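S.K.: Quick one, structure for this:
(one chain, ligands or ions: 1)
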Amino acid sequence: MKLHKTILSALILSAGTAMNAQNAHQMVVQTNKIGAEIQPTMYGLFFEDINYGADGGLYAEMVKNRSFEFPQNFMGWATFGNVKLMDDGPFERNPHYARLSDPGHAHKRTGIENEGFFGIAMKKDADYRFTVWARGENQKISVEIIDNDAMGETQVLTSKDITINSKEWKQYEVIFKAPVTEPKAHLRIFLASPGTVDLEHVSLFPVDTWKGRKNGLRKDLVEALRDIKPGVFRFPGGCIVEGTDLETRYNWKNTVGPVENRPLNENRWHYTFPHRFFPDYFQSYGLGFYEFFLLSEEIGAEALPVLSCGLACQFQNDDPEAHVKVCDLDSYIQDALDLIEFANGDVNTKWGKLRAEMGHPEPFNLKFIGIGNEQWGPEYPEHLKPFVEAIRKAYPDINIIGSSGPNSEGEQFDYLWPEMAKLKVDLVDEHFYRPESWFLAEGMRYDKYDRKGPKVFAGEYACHGRGKKWNHFNAALLEAAFMTNIERNADIVHMATYAPLFAHVEGWQWRPDMIWFDNLKSVRTCSYYVQQLYSHNKGTNVVPLTMDKKPVGGQEGQDGLFASAVWDNDTKEYIVKVINTSDKAQPVTLDFKGLKKKNKLTNGKCITFHSDNLDADNTVDNPNVVLPKESKVSIEGTVFNTEIGAKTFAIYKFTKE
Ligand code: AHR
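M.R.: Down below sits the predicted model:
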């Protein structure tokens, strides 16, 4: 009886498939027409310190305002007893420190308490490294990790005393083992002797950072980046490159050298959105350009730094003072040249020497540099021109990236693209945070681009659902659909980076984002998996694919289907991506044309990414709601008949024997 049923259902299935095959959209993959090379820079990452992406996020420091340099110097700290702010500390560019003195009575206490970034999170049995620069003679401080228990009483979770035994500034260190897991601990330091102690650069890091580095990065977050296998890593933003005014632009030279002496900068995202106002959001620059280069290298991505072109954010500031005159751009241009020297220069050069002193005598082999972020109007090409001339002269091999402004089309975009072509930049950065309708309509976007001009860097993009500005499966599905167009046009689209990358669940300003985290956990969103699926299946060359004899990109009559195909010369696989954005399952035939008789397609695999609930997403508490699933499939000869479910991203892979 059981066998009977199985045979019956197999018959029904094959009849169904045969019937469906007749109505199926015919996708033809021209296996013998190996096309454009897919650049190694595909698919990449865009990093910006937005949503507490760096301080409070990727940068694993747990003490907020560790150098007492916030404009309100004790922001993030509570003080008790006799605490004074001093300003003649050992680090020239961070001169403030805290002086803890005897409170004057045996029962009184002097101390400071730090709240961390939305608390200080500790994992049971993990080790944490506390360091502080201090001075004092025969003094003692007591360092405590504290928590409020359910009854609201402060509990000391763990504590250690440190003897401060030098009237010269010296760094002290102790390691704490967390006795419990606690997401919202605080760090408290008491003066534990009669006298005075000076404290500066108070720091607490997990010992288990990425590669175990001091001044390190959060391991789970770097692992999420590495697991994408990114081709390029763009940093440090975004709008923070530009600054609300020129003084607060991102100045890479302030982000290298000893961390204690990297001056604080404001973070414009602290006030950009009044409804998401974070007055305690600053850039410590603990994660600076050296760390960005190192990270790029370690996750296998080409580094792509972006620098100010001498125009502050044009959205935020139209004051002429916010724009350097073209004739006064020298120091900005020098910053760009010096950056290339920092990355690639010999150890005997000024900036190459600094790189070596920081621990990397080998060059970072920088190949790309971006000048300007979302700039617009004639001022931008005027500013960019002298940069291009100077960089070309000094470093002809460096690829220069210009911008097409903040919009994916329209007046500024149409003006800037030809201007970029005139300046002969190598790539043009395009940004598109757009609704579902845009992603559905743009499936043929790059097919129409001029093949002779600069290449495309799709530098910031994400589907922003109408009325649903959060991560959800449908947005990721439409990103996948759009990306078939990027893939098919690999001859001109050389880089693509979803944006933004990170967001703290308690500290976001902008959403959706690719990876969310709290202080203990992180989660890979649906959009993350789409990026990862593309990156892991990017192949080495485009292969022409048509559906019903036409290129396929969700056009009229194509039933919401999108598709592209690649050949992977390393694994000898054909990889076809099909996205069904419609709400019905659709029969599809993949016909691998042009194979020689002796060739066979074997080892078939199908990876699907689907959710019945279009609003579903993965969250820090429930990270596995929507995940890609892989199964084996078999092909008879060179034609594969299948049915792609409604609202599904499917990848089909076959090895050529
Ligand atoms: O990704 C967030 C912001 O969007 C970037 O800083 C900016 O370039 C764009 O407007």
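
S.K.: Mind listing residues that contact the strand ranked longest in the chain?
M.R.: For the chain, the longest strand by residue count, based on DSSP state E, is strand 154-177. Contact with strand 154-177 is made by 89-90, 122, 125-149, 178-180, 182, 185, 192, 197-198, 200, 207, as judged by C-beta atoms under 8 Å, 6 or more residues apart in numbering. No exception for glycine: its C-beta is placed from N, CA and C like everyone else's.

S.K.: who are the neighbours in contact with the residue of the stretch 151-300 of the chain at minimum distance from the ligand?
M.R.: Nearest residue of the stretch 151-300 of the chain to the ligand, counting by C-beta to the nearest ligand atom: Gly238, 2.8 Å away. Gly238 sits next to Phe46, Glu48, Ile50, Asn373, Glu460, Ala499, Pro500 when contact means C-beta under 8 Å, 6+ apart.

S.K.: The same query, at a cut-off of 7 Å, please.
M.R.: Residues counted as contacts of Gly238 (C-beta atoms under 7 Å, 6 or more residues apart in numbering) are Glu48, Ile50, Asn373.

S.K.: would you turn those into CSV with neighbour count and pLDDT?
M.R.: Listed next are the contacts of Gly238 as CSV, based on neighbours: other C-beta atoms under 10 Å; pLDDT from 0 to 100:
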residue, neighbour count, pLDDT
Glu48, 26, 98
Ile50, 27, 98
Asn373, 27, 96
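
S.K.: These also near the ligand: which ones?
M.R.: Subset of those in contact with the ligand: Glu48, Ile50, Asn373, counting by C-beta under 6 Å from any ligand atom.

S.K.: Just the closest of these to Arg213, please.
M.R.: Nearest to Arg213 among those is Glu48, at 21.9 Å by C-beta to C-beta.

S.K.: From Phe439, how far off is that closest one?
M.R.: Separation of Glu48 from Phe439 (C-beta to C-beta, to the nearest Å): 22 Å.

S.K.: How about Pro90?
M.R.: Per C-beta to C-beta, Pro90 is found 53 Å from Phe439.

S.K.: With neighbour numbers in mind, choose between these two.
M.R.: Neighbour count, other C-beta atoms under 10 Å: between Pro90 and Phe439, Phe439 has more, with 28 against 17.

S.K.: Tell me which residues touch the more buried one, please.
M.R.: For Phe439, the contact set (C-beta under 7 Å, 6+ apart) comprises Cys463, Leu478, Glu479, Ala481, Phe482.

S.K.: Report the secondary structure state of the residue nearest to the first one when sequence neighbours are not counted.
M.R.: Which is Cys463. Once flanking residues are discounted, Cys463 sits nearest to Ala475: 3.9 Å by C-beta to C-beta, 6 or more residues apart in numbering. Under DSSP: H, G, I helix; E, B strand; the rest coil, Ala475 falls in the helix class.

S.K.: near the ligand, which residues of the stretch 201-350 of the chain?
M.R.: Neighbours of the ligand within the stretch 201-350 of the chain, by C-beta under 6 Å from any ligand atom: Gly237, Gly238, Cys239.

S.K.: Based on its surroundings, how many neighbours for Val132?
M.R.: Around Val132 there are 24 other residues, counting by other C-beta under 10 Å.

S.K.: ok, and the closest non-adjacent residue to it?
M.R.: Spatially, and ignoring its direct neighbours in sequence, Val132 is nearest to Val202 (4.9 Å; C-beta to C-beta, 6+ apart).

S.K.: and the spatially closest residue to Gln316 that is not a sequence neighbour, helix, strand or coil?
M.R.: Spatially, and ignoring its direct neighbours in sequence, Gln316 is nearest to Thr244 (4.8 Å; C-beta to C-beta, 6+ apart). Here Thr244 is recorded as coil under three-state DSSP.

S.K.: Now for Thr244, how many residues are close by?
M.R.: Number of residues near Thr244 (other C-beta under 10 Å) recorded here: 19.

S.K.: contacting residues for it?
M.R.: Taking C-beta under 7 Å, 6+ apart as the test, what Thr244 contacts is Arg268, Ala312, Cys313, Gln316, Asn317.
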